[in-house]
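[1] give me the fold of what follows.
(chains A and B)
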Amino acid sequence: MTAAGTLNPRNVTPAPEVIDRMNTPESEPEPLLLFEQVSKWYGPLLGLNQVTLELNGGITGLVGANGAGKSTLIRLATGQIRPNLGRVRIRGTDAWDWRARRLVGYCPDTDAFYEEMTGREFVLAMARLCGFPRAEARRRTEAVLDRVGMRDRADRKLRGYSKGMRQRVKLAQALLHEPELLVLDEPMSGIDPVGRQELLELFRGLARQGKCLLISSHELEELEKLTNHVIVMARGRIAAVGTLRQIRDLMDDFPLSVRVEVDRPRELARQLIDNPDVVGLDLASDETGEYLVLRAKHPERFFRALGQCVVAERFDMRQLEPLDDTAHAVLGYLLGGSGKT
Amino acid sequence: MTQSVMSSSSPPPSPAVSEPSPFWAFWALTRFLFIRLWRIRQMGWVALGLLLLVTATVAVMTYGPIGWGIANRYSSRHKIVVSEYGTRLDQVQMTAFSPDVLGVEAAVFAAYRGIMADPHFQSDWAFLSYSRWVIFAMYLGFVLPLFTLAYASGAIGGEREGGTLIWLLTRPLPRWAVYLATFLGVLPWCLIVNGIGLLLLGLAGGEMGQRAVAAYWSTIVLGTVALASLFHLIGALFRRPAVIGLVYIFFFETLVANLPGSLKQLSLNYYVRSLLYNEAMANVTAAVPETFEVYEPTDTTTARLVLIAASLLFTGIGMVLFSRQEPVMET
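    Reported below is the predicted structural model:
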């Protein structure tokens, strides 16, 4: 399994909700969302690199930096684009096929609306475009507006809506046809703290009803409140899947390679050789001179020690460059993003 | 924030009540797009301005001193208006010639005078003159293609520019149906605006205008459908459909359709012109004025079949490409 490169998502136990669904495979043999070795290029750019993923229920968070492949994954799952290699399936149907879209509700991150419509008109139009007859479309429109807390504010023009209200309207239209899978791209952006709490409660309620939610966010902390099943994306790959604890443990056990350029590399090597987190240490040289390649576990602890050593011994550090980009990106999220490990 | 408390525990709308139907979705999309396009687009304003200008010019010409008839035409060769030919001929006949010559000349001139005085001839000449300048040059050359481009290329192109195409593409509806439904939504607008254009020019053209509207309207409908299907295709496939459409109108249609040789058979304009020409010829009994001609026009049946086939072909190609290709999005 090459899905996540060195970090294999299949090694990680899925979240409890996912296990619940997985225990009853007889009734629904086809996975709700399945990525099989999916790669996607945009010209020479690789958007997604051999991603394998299976979702069957519960709430799954999708995190990653800009350009990490989140959007590509979401657009593939919602059938907006097609993979160059591999397959994306929704309950066995190719995600590109229109029948798959009956099972998928999508809340895009773009903020383009028919601005001259009111929120109610917009949701009603979307309901009609789903193929519901007029009366049914009206009924569903009121139901979903109620659900996102917009029922009594839906008669204003969309152009006058705040960011948060627009997010709610986008969410409302995704719920119209009661899809099994909800793909929500940055649904929390622009929503005030009170609204966030309401949305989190709504998401939990949807998950309790058996829906599968895939929620992208660049704020790990936000997702942490909602789920402990997280997909971390980096450089077009799934860098890690699992609970945040498991991902952090994985990161700790996974040696990180760093290239260190410093004025006295041999002396620094001597200082670090006894550090328990350092599992490898090479002295190499190129046209810029000698440098160290370090391999260390527990990155956060290691970097703290390295920093103390450099300051204490007054090393002149010219460059510190992680050699494993995937790990680097994950690290950026786990350490920098949430600020706690 | 009490007003916005969410009822996440409320029961979901039961999906069993009514299954969504792609059929209803299709017609809902057609209707949706038709209503969306009520708003006149930027290109539409340009075309409308042009139409008003053309209409005013035509009205001035129609109700001005010269009109569309031959009588008040100025002949630069003879330095007189055509209606003065008779007087000039009389003067010529007064000069001393041998009786033989006079006899022959009198016979020729009599026929000429007869034709010139014939109201049928005068009316036909004016009709063809109006057709040549107003319908062929102005209406077919600018007004119809620009109106059609403004609307047809905006059906999908406008949604893309506004970033709202995503709402249509994520509905549970086959992509080919999205393409076809948007075309059916925009086509009435193309017909309406082109129809208004033709009517305005017809009104401005007085008697000749009414005759032209009656003779040409069916061809205009066919031509509009064919052009609209092409521009809808361009709108679906390219990021800047208006530019490509304008290049097509002014370089390909205008230039190629007038070239001798078989290349013009690739242009829609050629078939529309052939149809109009045939209609015009069927409408007149007298001779053709010097400037009214279409280079090797094809027969009516072929032209109609080609236009219908082109409409079906462009729409078919669009449906196939749109359902296979990833949508072109604004970047």
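
[2] tell me the pLDDT of the residue nearest to A:Ile90 when sequence neighbours are not counted.
    Spatial nearest neighbour of A:Ile90, chain neighbours left out: A:Ala100 (4.0 Å); criterion: CB to CB, 6 or more residues apart in numbering or on different chains. Heads up, the C-betas are built off the backbone N, CA and C, glycines and all. A:Ala100 carries a pLDDT score of 93 in this model.

[3] need phi/psi at A:Ala100.
    With angles defined as degrees, to the nearest 10, A:Ala100 sits at phi -70, psi -30.

[4] give the contact list for it.
    Counting by CB atoms under 8 Å, 6 or more residues apart in numbering or on different chains, A:Ala100 touches A:Gly79, A:Arg89, A:Ile90, A:Arg91, A:Thr93, A:Asp94.

[5] as a markdown table, these with pLDDT and neighbour count would be great.
    As requested, the contacts of A:Ala100 are arranged in a markdown table below (pLDDT from 0 to 100; neighbours: other CB atoms under 10 Å in any protein chain shown):
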| residue | pLDDT | neighbour count |
| --- | --- | --- |
| A:Gly79 | 93 | 24 |
| A:Arg89 | 95 | 19 |
| A:Ile90 | 95 | 26 |
| A:Arg91 | 94 | 18 |
| A:Thr93 | 93 | 17 |
| A:Asp94 | 94 | 14 |
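
[6] which one of the residues you listed is nearest chain B?
    Ranked by distance to chain B (CB to the nearest CB), the contacts of A:Ala100 are led by A:Gly79 at 7.8 Å.

[7] and the gap between the residue nearest to A:Ile90 and A:Leu34?
    11 Å (CB to CB, to the nearest Å).

[8] can you check A:Phe302 too?
    Counting by CB to CB - A:Phe302 and A:Leu34 are separated by 38 Å.

[9] cool, B:Leu227 as well?
    45 Å.

[10] tell me, what residue is most central in chain B?
    B:Leu144 (3.3 Å; CA atoms, centre = their mean).

[11] can I assume it sits in a strand?
    No - B:Leu144 sits outside any strand when classified using DSSP: H, G, I helix; E, B strand; the rest coil, being helix.

[12] next, count neighbours for the nearest residue to it once chain neighbours are set aside.
    Nearest residue to B:Leu144 in three dimensions, chain neighbours excluded: B:Asn194, at 5.4 Å (CB to CB, 6+ apart). Neighbour count for B:Asn194, taken as other CB atoms under 10 Å in any protein chain shown: 25.

[13] in the helix or strand containing B:Asn194, what counts as buried?
    Using DSSP states H and E, B:Asn194 sits in helix B:175-204. Applying a neighbour-count criterion of 16 or more other CB atoms under 10 Å in any protein chain shown, one finds B:175-187, B:189-191, B:193-195, B:197-198, B:200-202, B:204 buried in helix B:175-204.

[14] mind giving me the packing neighbours of that helix?
    Packed against helix B:175-204 by the contact rule (3 or more CB pairs under 8 Å, 6 or more residues apart in numbering or on different chains; DSSP states H and E) you find helix B:22-36, helix B:42-63, helix B:144-152, helix B:154-161, helix B:165-169, helix B:206-237, helix B:300-324.

[15] and the first one, average pLDDT?
    Translated: helix B:22-36. Across helix B:22-36, the average pLDDT comes to 91.

[16] how much does it deviate in direction from helix B:154-161?
    Relative orientation of helix B:22-36 versus helix B:154-161 (axes from the mean of the first three to the mean of the last three CA atoms, to 10 degrees): 80 degrees.

[17] one more: the last one?
    Computed with the same axes, to 10 degrees, the direction of helix B:300-324 lies at 20 degrees from that of helix B:154-161.

[18] same for the helix or strand hosting A:Thr141, what does it pack against?
    Using DSSP H and E, A:Thr141 sits within helix A:134-147. Applying 3+ CB pairs under 8 Å, 6+ apart, one finds that helix A:134-147 contacts helix A:119-129, helix A:163-175.
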